[in-house]
Structures are given as structure tokens and as C-alpha cells.
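S.K.: Model the structure of this input:
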Amino acid sequence: MSAWGSWRQRLAAMAAGMAMTGGAGVAGAAPESAAYLQRKASDEVIYFVLPDRFANGDAVNDRGGLTGSPLVTGFDPARADFYHGGDLQGLTQRLDYIQGLGATAVWLAPIFRNKPVQGSPGRESAAHHGYWITDFTDVDPHFGTRAQFKAFVDAAHARGMKVYMDIIANHTADVIQYRECPANDCGYRGKADYPYARRGGLAGAAINEGFDGRDFARLTRPDYAYSPYVPTGEATVKTPAWLNDLTYYHNRGDSTFAGESSLDGDFAGLDDLFTENPRVVQGFIDIYGQWIDDFGIDGYRIDTARHVAPAFWRAFIPAMRARAKARGIENFHIFGEVFDSDVATLARHTRVDGFPAVLDFAFQSTVTEIVARKAGTDRLARVFASDAVYEGGEATALQLPTFLGNHDMGRFGHFVLQANPGISDTELLDRVTLGHALMMFSRGVPTLYYGDEQGFTGDGGYADSREDMFASQVASYNDNRLVGNTAKAAADSYRTDGLLYRRIADMAKIRSGHAVLRSGRQVLRAQSDKPGILAFSRLGEPGEYLVVYNTGSTPIAAQVEVETTSRVWRSVRGACAGAASAPGSYRVEVGPLDYMICVSKGLQ
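M.R.: Residues are numbered from 1 along each chain as shown. Take a look at the predicted model:
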């Protein structure tokens, strides 16, 4: 075992028996630093941030060391889809703000070196998001350096906070081109019509003799579907060097995101890796294992997970967990992005691919339906009832990161506004608050999207939902309606006294202070086929917590089933009755768009 692993184990021993800490702490305090090593994935509150949009700590790196126009450097703070200047130094400087919200883990969008600008003439955009990687071993100069990333990770760990990296194995930046498509618009060509054994289709010359999908030493020609090539000057642009070999890519044209093409097609033109190839598998095990070794990070969010061969994940995930364990990181959190709201589809990737967890798109879409679009609460009850289909069942569901919106689909506040034209400021704030409460106290790992706590709403998905936390120069950001905030002029957005920031921080404090609300077994108690009551208990040592929501616009009063042994109660949040009405029955009263949390008396 490495010296670092031994050190981590000593810290873990120091933390044994310590309670989970929450909220802002003293940077570098030894007990808190030790405690974070013991936290399970279900104990976290994740804060997802795009470094480019969060804080600019060093204006010198705004152009990534490049010179020229924005089409060269990628930097144009007045355009929504270009770099705006946020970096790792700025993120490190603002850790107080993130921790004050109650977040215990920071998930960063990819920070690897990217191709700065892509797109056809007139449709260019920049890699501010980090998903167009050319060098998987280094930090993009727009964000800083490896030393600055280490400083960020160390600063987070000193506060007892974890760091999750966003990683990609499905594709690289768009470098490979096809001679048949000068406009870079090749459609997908499937394996039946364009088998590996023929050049350019069934009538083509025989190539790759003996390749049966397993013996990759026999796959020497990449021109079975198209004639791929690398433009002049880009032959060695990718790192590690093996990534410049065209045989390590599928080279079949753009995915339609259906059938075979979902695995083997180029994702919006990005170079799709041949993840069935053992060299590719081992290459990425080496790449991402090294980031664990070098920086001691605490987890990986995996982009475009559904578009990678399942066998790749079956090798990669155990390797990462073993690498982390050897580094002393026992609770390394891995969760994949499977962009689908169908529970069966999500669960398939825990069973077939072996993912310990996936982002809970089913939860996201359903909370949007019941809070923004006023569907019945029974819809969310059905989502929870389906937890059994995940590999590991309810235990796995506790590790699913739950969220309300993100950098691709848009913000929750936007969904509420879109579904409720003319909504008042008060109702808008209450609905957005209720959505966060549903996320914070139900099973899963609450995942906050940066800026939501400042009331950001955006204008839609992708770049329209990636507002700047610092004073923005993007006109379409500055004219947005905010939640719980009437500010309009461009200004920094790091207030910690705003209504929504405080409400979320209060929720996180409650969750932090009550272990059963983080990891207790969830039992549904009440639901409705229209807006109204949703109630569930969280059960575990030392007892029962009852969480009751009202998604309707009028007060509700109801008898709710509880454990027969839960007879004396106290309030965690809201006006809770002091005693059960009878063994197994408890009366609740909840105002419109509000929630309450009650706990059987005597629990700590």
C-alpha cells in the first residue's frame, strides 16, 4: 500500500464514530477533514458546476494561452456558447459559498484539454463545457493547470468536501473526417450493409481478413464504412498518442441515437471510440486510474454512458473502484449519465453494464410533471415503487443522484415558468422550493445545479441554461426572470442571504443533521391522482421520520399511516402533532405548496 493510502486510512480511523458534518466549516480542521472519508454516497449533497461559468480567478488564462479571434481562442464572454473566463482558481476561492449552501461534494464538468472551437462556418461554438477532449491527461489551459486542480481538490478535502470529476470514454473531440462527406455530415452506415470485411460496402474489396469482432489484431483497415482521415496538422493532436490511431474508432458516421448507431455512431460528429477493443478499455483504465492516483478524487460522473459497449463498463468500473480503494478511498462514487426518463432503461445499465448508480432522470422528469405541470403525486410514487428493478434494489436507489435540471435540458425554474404563464413571484418561489424539498428528503443523492440557488431560470437547454455566476456580458442571460430575486442588471451572483439560497441551505442542514433522512428505508404512506398529498416515511435507526408534501394550491388535512410504535412525535419542520391519533395513524395538516417533516419523539 502507498504512503498516501496509509495516510488516508489513518484519517479514516480518526473519523470512526464521528457524525456527519454539514454546512460551512473551518478550512483544514482535522476532524472534519477525516470525517469526509467515512461518508457513504447517500450522505452527500452534490453541487454540479461548469467551471467556465462559476468564477474567474485569473483573467490571464481566459484565452487558454492562445492568441487571435474568438474562433481561435474560444473566448467571447458576450456569446452564450463560448468561453467566459471561469476557472479552477475562481472555483477554489468560492468554496465558502458552495459549502455554505450545504453541499458536501462538488461535481465539475470536464476540465481536460479540449479542442477550443468546433462547428461549420457560421455555426461555431467553443468547448466551454469541456466535452470535446483532445488530451485526457491534462487540464485545459482555459481552466488553469494541474497544480491549480490539485490546489482545488486539496482545499475541498481540507473542508471535508468531496470532488467528483466528469469523464468521457465514448468519444473525443471531432478530429476525424470522412472523404465522402466534405460538409462533415455523414449519416450512419450500419454493420449489415457495411461489414468490417469489405471496403466501403458489400461490393468493396476484402479487408480485415479473419476479424470476427474479437480478434482486434486483424482489424487493420478503418475504411469499411467511410474513408476516414485526419486533417493536416492534427495527426498527433490527441493524448495519449494511441488515440491518434484511426482503428480505435468506429468510423461509421453520425449516430441516430437508435439501435446499433446508439453504440457505434458519432455523437453529434464527435469521434466515437471503439470501446469493444481491449486496447481502448485498458487505455481508459490507465488514463482515469492515473487521475485517482495523482489527485485523490472521490468519484466519477460518466458522460454518455449508454453509448458505450457494456463490456467496457464491466471492466472499467471495477478497475476504478479498486484503484480508488488502493488509494484509501473506500466510498468512491461512480454514476453514469443515461439520458432517459424510463426506469427500466435506467435500471438496465445497473444490471447489464454494472453501474453502481445512474443519474435519476426518471425522478427529474416526474418531479417536473407534478410540481411544474400539476400532475398527480402518484406518478412519483410509481417511480419510487420501481426501485426494486435496479441491481441491488432499494440500496442502489439510495445512491442515485437526483436532480431537477441540468446543463443540457435546462433549469427547473424555466420548466415552472414555461408551464405556468403569468405565475406570481410568490408561487414561482414556492414551487421551486417544493421541487428542491422533494429532492432533498426523498431517497437518492440530491444534486444541485449551480445558480439554481440564486434563482437562475435560463431560456431553455444547453448554452441557454449555463448562465454566469459573475457579472455576465450575455444579454439573453441578463434579461431573465429570477426566482425569489428581482435583480435584473448584470452583477455577481454569490449572495448567501437570498430567499432560495437560504431555503436550500436550511434543507441541507436538516438532511445533514438526521441520518435517517439520508439513508433510511423509504416507505410510501400517501399519494394522490391529482395535485395534493405525497407522504412517505424514512425508517432506520433510531426510528421513523414522516415527510409530507402538498403539491396543491389549497391546504390539506389527512390521516397518514405510520408505524404502530411511533406514538409520540416532534417537529423537524412544520407544525407536527405531538401524538399519533391512534397506533398506526397520524394526523397531518400542510399548507399549499409546502411540506413538513415529523419524527417520532426521542430520536436525535
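
S.K.: ok, and for stretch 458-475, which residues are buried?
M.R.: Within stretch 458-475, the residues that count as buried by 16 or more other Cβ atoms under 10 Å are 458-459, 461, 463-470, 472, 474. Heads up, the C-betas are built off the backbone N, CA and C, glycines and all.

S.K.: I misspoke; the intended subject was stretch 380-387.
M.R.: Quick answer for stretch 380-387 (16+ other Cβ under 10 Å): 380-381, 383-384, 386-387.

S.K.: ditto for stretch 281-299
M.R.: Buried residues in stretch 281-299, defined by neighbour count with 16+ other Cβ under 10 Å: 281, 283-285, 287-289, 291-292, 295-299.

S.K.: can you tell me which of those are in strands?
M.R.: Among the buried residues of stretch 281-299, the ones falling in strands (DSSP state E) are residue 299.

S.K.: ok so, going back, I'd like the buried residues of stretch 380-387 written out as CSV, with distance to residue 343, pLDDT and secondary structure added.
M.R.: Shown next, in CSV, are these (distance: Cβ to Cβ, whole Å; pLDDT from 0 to 100; DSSP: H, G, I helix; E, B strand; the rest coil):
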residue, distance to residue 343, pLDDT, secondary structure
380, 12, 98, helix
381, 13, 98, helix
383, 6, 98, helix
384, 10, 98, helix
386, 4, 98, helix
387, 8, 98, helix
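
S.K.: from the residues you listed, which is closest to residue 147?
M.R.: The shortest approach to residue 147 among the buried residues of stretch 380-387 belongs to residue 387, at 42.6 Å (Cβ to Cβ).

S.K.: measure that closest one to residue 401 for me?
M.R.: Note on residue 387: its distance to residue 401, by Cβ to Cβ, to the nearest Å, is 14 Å.

S.K.: wait, is residue 237 part of a strand?
M.R.: No - judged by DSSP: H, G, I helix; E, B strand; the rest coil, residue 237 forms no part of a strand; its state is coil.

S.K.: May I ask which helix or strand encompasses the spatially closest residue to it that is not a sequence neighbour?
M.R.: Setting aside the residues directly before and after it, residue 237 is nearest to residue 134 in space (Cβ to Cβ, 6 or more residues apart in numbering), at 5.3 Å. Under the criterion of DSSP states H and E, residue 134 resides in strand 133-139.

S.K.: Which positions in that strand come out as buried?
M.R.: Under the neighbour-count rule (16+ other Cβ under 10 Å), strand 133-139 has 133-136, 139 buried.

S.K.: Please identify the helix or strand for the closest residue to residue 138 other than its chain neighbours.
M.R.: Excluding its sequence neighbours, the residue lying closest to residue 138 (Cβ to Cβ, 6+ apart) is residue 113, at 4.8 Å. In the assignment (DSSP H and E), residue 113 maps to strand 112-114.

S.K.: Name the surrounding residues that touch that strand.
M.R.: 127, 130-142, 173, 239 (Cβ atoms under 8 Å, 6 or more residues apart in numbering).

S.K.: Closest one to residue 421 out of the residues you listed, please.
M.R.: Ranked by distance to residue 421 (Cβ to Cβ), the contacts of strand 112-114 are led by residue 131 at 33.4 Å.

S.K.: Tell me which residues touch the closest residue in space to that closest one that isn't next to it in sequence, please.
M.R.: In space, and not counting its chain neighbours, residue 131 is closest to residue 110: 5.9 Å by Cβ to Cβ, 6+ apart. Contact analysis of residue 110 by Cβ under 8 Å, 6+ apart lists 129-131, 133, 165-168, 303.

S.K.: For the residues you listed, pick the one with the most neighbours.
M.R.: Highest neighbour count within the contacts of residue 110, by other Cβ atoms under 10 Å: residue 133, with 27 neighbours.

S.K.: Quick check: pLDDT value at that residue.
M.R.: Per-residue pLDDT puts residue 133 at 98.

S.K.: got a list of what the residue nearest to residue 554 when sequence neighbours are not counted touches?
M.R.: The shortest distance from residue 554 to any non-neighbouring residue, by Cβ to Cβ, 6+ apart, is to residue 592 (5.7 Å). Counting by Cβ under 8 Å, 6+ apart, residue 592 touches 430, 550, 552-555.

S.K.: what does residue 532 give?
M.R.: Residues in contact with residue 532 (Cβ under 8 Å, 6+ apart) are 376-377, 550-552, 556.

S.K.: Repeat the analysis, applying 10 Å as the threshold.
M.R.: The contact partners of residue 532, by Cβ atoms under 10 Å, 6 or more residues apart in numbering, come to 370, 376-378, 526, 549-554, 556, 558, 590, 592.

S.K.: average pLDDT for the helix or strand hosting residue 430?
M.R.: Using DSSP H and E, residue 430 sits within helix 425-441. What helix 425-441 shows for mean pLDDT is 98.

S.K.: List the buried residues of that helix.
M.R.: Within helix 425-441, the residues scored as buried using 16+ other Cβ under 10 Å are 428-441.

S.K.: same deal with stretch 397-408?
M.R.: 397-407.

S.K.: Tell me which of these fall in strands.
M.R.: Judged by DSSP E, the subset of these located in strands is 401-403.

S.K.: can you put those in TSV and add pLDDT?
M.R.: Putting those into TSV (pLDDT from 0 to 100) gives the following:
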residue	pLDDT
401	98
402	98
403	98
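
S.K.: quick one: which of those is nearest residue 352?
M.R.: residue 401 (19.7 Å).

S.K.: Show the contacting residues for the closest one.
M.R.: Contacts for residue 401 (Cβ under 10 Å, 6+ apart) come out as 41, 44, 46, 48, 105, 107, 164, 299, 301, 333, 335, 337, 357-360, 363-364, 439, 444-447.

S.K.: One more: residue 191?
M.R.: 213, 224-225, 250, 252, 260, 264.

S.K.: I'd say residue 509 and residue 99 touch.
M.R.: No - contact criterion Cβ atoms under 10 Å: residue 509 and residue 99 do not qualify, at 11.9 Å.

S.K.: Among these two, which residue is more densely surrounded?
M.R.: Neighbour totals were compared for residue 509 and residue 99, and residue 99 leads with 23 against 13 (other Cβ under 10 Å).

S.K.: these two touch, right, residue 288 and residue 133?
M.R.: No - in this structure, residue 288 is not within contact of residue 133 by Cβ under 10 Å, at 11.9 Å.

S.K.: picking up where we left off before, helix or strand right after the helix holding residue 430?
M.R.: Counting by DSSP H and E, the next helix or strand C-terminal to helix 425-441 is strand 445-449.

S.K.: mind listing what's buried in whichever helix or strand comes after that next one?
M.R.: Per DSSP H and E, the first helix or strand lying C-terminal to strand 445-449 is helix 475-478. Buried residues in helix 475-478, counting neighbours by 16+ other Cβ under 10 Å, are found at 477-478.

S.K.: Please name every helix or strand in contact with whichever helix or strand comes after helix 475-478.
M.R.: Once the chain leaves helix 475-478, the next helix or strand it forms, by DSSP H and E, is helix 499-513. Helices and strands touching helix 499-513, by 3 or more Cβ pairs under 10 Å, 6 or more residues apart in numbering; DSSP states H and E, are helix 95-100, helix 425-441, strand 445-449, helix 516-519, strand 569-573, strand 594-600.
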